[in-house]
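Peer 1: all I have is the shape, not the residue letters:
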């Protein structure tokens, strides 16, 4: 891309909006992931008896489903980001590139 196209993209208000929205949403998901993951690690470090409690009548402890919940949560927030990126961010990007190439 030429410098003039890059300058037009950076000056476009839609580009600024895209940067702001994507950054805000990304940081929100990042903070949520940190809370969930490090919360689980903190449970492992500071409350092992809680995680060692049997789950139901079997030999599985409570830590296993909570750990699986962390994995499922990660998959869900990744899917949420991909969905938002494909629906909202890609449309804005296409509009920005169309306007910049004029």
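Peer 2: Okay, I see it. Predicted model only: the values in this text are computed from it and were never measured.
Peer 1: may I see the buried residues of the lowest-mean-pLDDT helix or strand in the chain?
Peer 2: Lowest mean confidence among the helices and strands of the chain (mean pLDDT, DSSP states H and E): helix 3-11, at a mean of 84. Buried residues in helix 3-11, defined by neighbour count with 16 or more other CB atoms under 10 Å: 8-9. Heads up, the C-betas are built off the backbone N, CA and C, glycines and all.
Peer 1: give the next helix or strand downstream of that helix.
Peer 2: Downstream of helix 3-11, the next assigned helix or strand under DSSP states H and E is helix 13-46.
Peer 1: what packs against that following helix?
Peer 2: Judged by 3 or more CB pairs under 8 Å, 6 or more residues apart in numbering; DSSP states H and E, helix 13-46 is in contact with helix 48-51, helix 63-84, helix 90-100.
Peer 1: so which bits of it are buried?
Peer 2: For helix 13-46, by 16+ other CB under 10 Å, it's 15, 18, 22, 25, 36, 40, 43.
Peer 1: run a quick neighbour tally on residue 68.
Peer 2: When counting by other CB atoms under 10 Å, one arrives at 10 neighbours for residue 68.
Peer 1: so what's it up against?
Peer 2: Not one residue lies near residue 68 by CB atoms under 8 Å, 6 or more residues apart in numbering.
Peer 1: run the chain-centre distance for stretch 52-64.
Peer 2: Between the centre of stretch 52-64 and the centre of its host chain there is 30 Å, according to CA atoms, centre = their mean, to the nearest Å.
Peer 1: what sits up against that stretch?
Peer 2: With CB under 8 Å, 6+ apart, stretch 52-64 has contacts from 43-44, 50-51, 65.
Peer 1: returning to that earlier point: generate a markdown table for the buried residues of helix 13-46, with distance to residue 72 and pLDDT as supplementary columns.
Peer 2: Below are these laid out as a markdown table (distance: CB to CB, whole Å; pLDDT from 0 to 100):
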| residue | distance to residue 72 | pLDDT |
| --- | --- | --- |
| 15 | 35 | 91 |
| 18 | 29 | 93 |
| 22 | 24 | 94 |
| 25 | 20 | 96 |
| 36 | 10 | 97 |
| 40 | 12 | 96 |
| 43 | 17 | 95 |
